[in-house]
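Participant: Any chance you can model this:
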Amino acid sequence: MVRRCSRSACGQPAVATLTYVYADSTAVLGPLAVSPVPGAFDLCATHAARTSVPSGWEVIRIPFDRRPRQEEPDDELLALANAVREIGLRHDDPMPSTPAQFVDQDDHVPPPPPSGRHLRLLPAIE
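Facilitator: I've put the predicted structure just below:
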C-alpha cells in the first residue's frame, strides 16, 4: 500500500519522511521510511521541497528519490511463482489425467530453507 502525504488535503504519494529532534532543535528530511514512524511526517515531493522549520532550528536534508516508490511484490509470492515456473509443464507435456495421490505421513519432507521463508519444493510424487 502506498503511503500518502501527511499534509492535510494532500493526497499525493509520500516520497520523504520528516522527523524532529527536539533536544537538538533539528529537523531531518530524508528518504521515505520503510514503515510508518510515530511522530514523523511522510511528505510528497512538493511539500518536502517547501518544508521550513522554526527560527533557530537546523534542517538536515538527506538526498532522496523524488519519485514515488513502487510497491514491491511479496517475496514469498514471488518465490512461489518462480518455483511454479521452474517445474511447470512444457507446452508438449501431456496434462495429468487424475490428481496425484496424497503423500504418506512417513515420507521424508526436506526441512525449510535457511532463509526463514516457509515455502519450499517438495519431492515429486511417483
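Participant: so where is this structure shaky, pLDDT-wise?
Facilitator: In the predicted model, the chain carries pLDDT under 70 at residues 1, 67-75, 88-121, 126.
Participant: Could I get the full set of helices for it?
Facilitator: For the chain, the helices defined by DSSP state H cover 45-49, 75-87.
Participant: any residues touching the shortest one, and which ones?
Facilitator: By CB atoms under 8 Å, 6 or more residues apart in numbering, the residues outside helix 45-49 that reach it are 5, 7, 10, 12, 15-16, 18, 29, 64, 66-67. In this view, the C-beta of every residue, glycine as well, is placed from N, C-alpha and C.
Participant: in that helix, what counts as buried?
Facilitator: Neighbour-count burial for helix 45-49 flags 45, 47-48 (criterion: 16 or more other CB atoms under 10 Å).
Participant: from those, which is closest to residue 60?
Facilitator: Proximity of the buried residues of helix 45-49 to residue 60, judged by CB to CB, is greatest for residue 48, which lies at 13.1 Å.
Participant: What is the end-to-end distance of stretch 16-25?
Facilitator: End-to-end distance of stretch 16-25 (CA to CA, to the nearest Å): 20 Å.
Participant: Give me the neighbour count for the nearest residue to residue 62 once chain neighbours are set aside.
Facilitator: Leaving aside its sequence neighbours, residue 62 sits nearest to residue 30 (CB to CB, 6 or more residues apart in numbering; 3.4 Å). Other residues within reach of residue 30 by the criterion other CB atoms under 10 Å amount to 15.
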